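[1] I'll drop the sequence and a predicted model, then ask my questions.
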Amino acid sequence: MSGNRIKLLLSLFFILLVPVLAWGHQDVWLKNEQGDKITPAQNKTDPYSPRKTCGACHNYRIITSGYHFQQGFDEMRDGYDKKRSWVLSPGMFGKWLPTAAAGRLAPKSNKDVRQMDLSTYDWIGSRGKYDARGKVLSMSCGWCHPGGGPLEYGRDAQGKADDSRTLMDGESLNRKALDGDFSSLDTPDGRSRFRESGVVEADCLICHLTDYRMSDRNEQLNRRNYRWAATAGAGLGKVAGGLFTYANPSAGPDHPQFAAGAWNLSRRPVTSYAWSDRRLFAADGRMRGQRMKKTPASKNCLLCHGEGDAKNTGTLHTAKSDAHVQAGLICADCHGLVGKTGRERLRHQIAKGRSPILTARDDLDGQGMKTCTGCHIQGQYRPFRPNMPKLAKNPLVVHEKRLPQAAFHTYLVACNGCHANAQPARAMVLLDMSAGAEAGYTADHLEGVRRPSDYALPAREPWKPWMMRETQYDPAVPKWMQWFGERMPNGEIRPIPLRYVRKAARERNDLTVVLVDLPDGGREKRRTVATDGNIAGMITQLVKMGFRNAVYLSDRIYQMDKGKVVAQPLPDKTLYYPIAHGVVPLKGGATYGAKGRPGGCMDCHKDQAPFFSKMEIVSIRGFMQQDYPVLKAPHAVPQYKSWKLKGVPSFE
């Protein structure tokens, strides 16, 4: 074969090979809600529809059956929890989890406005707010929901998911004043406005676009521009106008004008696409497919999970604070799509671990999930993309050498129990809702936060977590809470919406005032319910509002009996968020036991070692009134006492 012929064949080979290696999505015509093309000449002011655009080629209905989109919607119904009528599903849409958001979704059918907190319409965008500088003041529930599912479809008369019609279609058929989907505490007439707002379709690009703009997307939800959110988030252009505009952008949740604003329901927002930007659009007006990636980058996952992990567990997904990030791993390496076939994986059930807090689709726990023992001990690790570590080292030899005769610890202590013990962010450990606001305090120094992003600030120094005991010792962050509720006939306690608690607190000028440290070094005065007099006064106000069996939950359950405050034990255990990430890089030397035997053993077994002796609050109101910000007896005790131990187990 001649040299020229060989060169020609090689050239053809590389011409065919390069497109395969440089795989990318094809350019795409954007389409509006009607399925019509959006071009520089046609429908050019319409927002694009992910359902009509992405769904033209991909099975939108199957994809949106994944639990990220449903969040309990596919299992929900009025009466889902026979004991707690306000719990409507196992997911974030329908379950009351105040550490995520103090507002709760209203049942479909309601008899009294007092039992309602957030309708579906308000759940999506109510109270979401950035200040004039673009800093987060408060978050709406819809900020961390990718759309689809309950943000697109409504419920039937029994409160079950009804995918036969969208919220826009259902709204025109149901105008009941107390409907859980179609009422609103914010609109001028108390009714939802899905016809004007549109619905929030599943936004594929939150995960699959390299430079997605989450804050721009969420600002559209704040404005109640639901159908425009995906267009703004993708950075395809600008959206002018809004159905709702805050009167005072800088007024925070504790300000009387926080939620005040103006509604414009007659003029439709207008989209101005950046057609001339060739990074976004081809010359004919198609969106550039090269911006999309098949495997989501970690930064896309962290658009929702980043601040949540920092708030709940003090975790920052950085190379400095996480050995797996430092090694070049990304979220999808461990949390891939569940399923053996392409059709199974198309359902977008993302592999997850087991959590006592997050209960949506518990039947999927562990499926397809990479684990510490699976990768590091059982030899299941396989690099399947460039830049992944070549192997996951087996630590057994090192453990046996440094900690001889301590093999039984691996049965008692989870891997993270020793290896995730230097939390870099401030996190939340205390949530005080007694005065009608979400007053949070950090896990590192119990400083009061002013805005949600304060939880993600770097801690003064990495701090040791608490431990939770279930099947093993696991690192975790407790959530101590104070709130008012209404005792139901069956004895269960339904949370009272914060707007009523806030109104009651404004009627009381005798609440306890605490001078609270702030993350920026400043201080502010905060009101809290700490004394028996505070409790009696607040319950009296709430009873006047119609909450006949109002009670206060703190370290115990407090109620009024013959004019006196009486207490009974809390039936529930402390809520703990397990720390699943943030394995400490070995170079830092912070891992428990790193010094080997015997010095490393004393990391846990000396008297004041935080593994057993981390202080936990047993009387929140006593701590706030007398000890803040120092955790000490009698209002706080070492954790080992909660485990019925007499002291720190001795090292032998």
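    Okay, I see it. Since this is a predicted model, take the numbers as computed values, not measurements.

[2] Please verify my assumption that residue 105 contacts residue 120.
    Yes: counting by Cβ atoms under 8 Å, a contact exists between residue 105 and residue 120, whose distance comes to 7.1 Å. C-beta here means a position set from N, CA and C on the backbone, and glycine is covered the same way.

[3] who touches both of these two?
    Both residue 105 and residue 120 are in contact with residue 180, where contact means Cβ atoms under 8 Å, 6 or more residues apart in numbering.

[4] I'd like to know how many residues surround residue 311.
    As a burial measure, the neighbour count of residue 311 was computed by other Cβ atoms under 10 Å and equals 26.

[5] these two touch, right, it and residue 423?
    No: contact status for residue 311 versus residue 423: not in contact, 11.7 Å apart, counting by Cβ under 8 Å.

[6] what's the neighbour count on the nearest residue to residue 158 once chain neighbours are set aside?
    Of all residues not flanking residue 158 in the chain, residue 77 sits nearest, at 5.6 Å (Cβ to Cβ, 6 or more residues apart in numbering). Burial measure for residue 77: 17 neighbouring residues, criterion other Cβ under 10 Å.

[7] contacting residues for residue 77?
    For residue 77, the residues meeting the contact criterion (Cβ under 8 Å, 6+ apart) are 88, 89, 158, 159, 160.

[8] try 6 Å this time
    When the contact criterion is Cβ atoms under 6 Å, 6 or more residues apart in numbering, the partners of residue 77 are 158, 159, 160.

[9] Just send the residues you listed back as CSV, with pLDDT, secondary structure and neighbour count too.
    As requested, these are arranged in CSV below (pLDDT from 0 to 100; DSSP: H, G, I helix; E, B strand; the rest coil; neighbours: other Cβ atoms under 10 Å):
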residue, pLDDT, secondary structure, neighbour count
158, 97, coil, 12
159, 97, coil, 22
160, 98, coil, 16
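
[10] At which residues are the helices of the stretch 251-400 of the chain located?
    In order along the chain, the stretch 251-400 of the chain carries the following helices (DSSP state H, counting those that start in this stretch): 298-313, 323-326, 331-334, 342-345, 372-376, 396-402.

[11] Select, out of those, the one closest to residue 463.
    Between residue 463 and those, the shortest separation by Cβ to Cβ is 11.4 Å, and it involves helix 298-313.

[12] Check which helices and strands the closest one sits against.
    Using 3 or more Cβ pairs under 6 Å, 6 or more residues apart in numbering; DSSP states H and E as the contact test, no helix or strand touches helix 298-313.

[13] who touches that helix?
    Counting by Cβ under 6 Å, 6+ apart, helix 298-313 makes contact with 144, 207, 214, 315, 317, 330-331, 425, 428, 455-456, 477, 577, 579, all of which sit outside it.

[14] ok, and for it, which residues are buried?
    Under the neighbour-count criterion of 16 or more other Cβ atoms under 10 Å, helix 298-313 has 300-313 buried.

[15] Kindly report the same for stretch 26-40.
    Going by neighbour count (16+ other Cβ under 10 Å), the buried part of stretch 26-40 is 28, 29, 30, 31, 32, 33, 38, 39.

[16] on that earlier part again, sitting in helices, which of the contacts of helix 298-313 do you find?
    Using DSSP state H, the members of the contacts of helix 298-313 that fall within helices are 207, 214, 331.

[17] tell me the secondary structure for the closest residue to residue 621 other than its chain neighbours?
    In this structure, residue 621 finds its nearest non-sequential neighbour in residue 530, 4.3 Å apart by Cβ to Cβ, 6+ apart. When classified by DSSP: H, G, I helix; E, B strand; the rest coil, residue 530 comes out as coil.

[18] right, and residue 530 touches residue 623 too?
    No: shown here, residue 530 and residue 623 do not form a contact pair, counting by Cβ atoms under 6 Å, at 8.9 Å.

[19] For the stretch 401-550 of the chain, just list every one of the helices.
    Taking DSSP H, counting those that start in this stretch as the criterion, the stretch 401-550 of the chain carries its helices at 409-412, 415-419, 498-506, 532-544.

[20] which residues sit against the longest one?
    Contacts to helix 532-544, defined as Cβ under 6 Å, 6+ apart, come from residues 504, 507, 508, 511, 512, 529, 550, 552, 558, 560, 565.

[21] ok, now stretch 271-288?
    The contact list for stretch 271-288 (Cβ under 6 Å, 6+ apart) reads 27-30, 39-40, 45, 47, 231, 236-239.

[22] Would you mark the buried spots in it?
    Using 16+ other Cβ under 10 Å as the burial criterion, the residues of stretch 271-288 that qualify are 271, 273, 275, 280, 281, 285, 286, 287, 288.

[23] could you check the distance from the fifth one over to residue 118?
    If I follow you right, that is residue 281. Between residue 281 and residue 118 the distance, using Cβ to Cβ, to the nearest Å, works out to 38 Å.

[24] Following the chain past the helix or strand of the chain with the lowest mean pLDDT, name the next helix or strand.
    Of all the helices and strands that make up the chain, the one with the lowest confidence by mean pLDDT, DSSP states H and E is helix 3-21; it has a mean of 48. In the C-terminal direction, the helix or strand that comes right after helix 3-21 (DSSP states H and E) is helix 50-54.

[25] Now do that following helix, average pLDDT.
    Confidence over helix 50-54 (mean pLDDT, whole number) is 98.

[26] After it, which helix or strand is next?
    Following helix 50-54 in sequence, per DSSP H and E, is helix 60-63.

[27] what's next to that following helix, contact-wise?
    By Cβ under 6 Å, 6+ apart, the residues outside helix 60-63 that reach it are 51, 346, 347, 348.

[28] Alright, that wraps it up for me.
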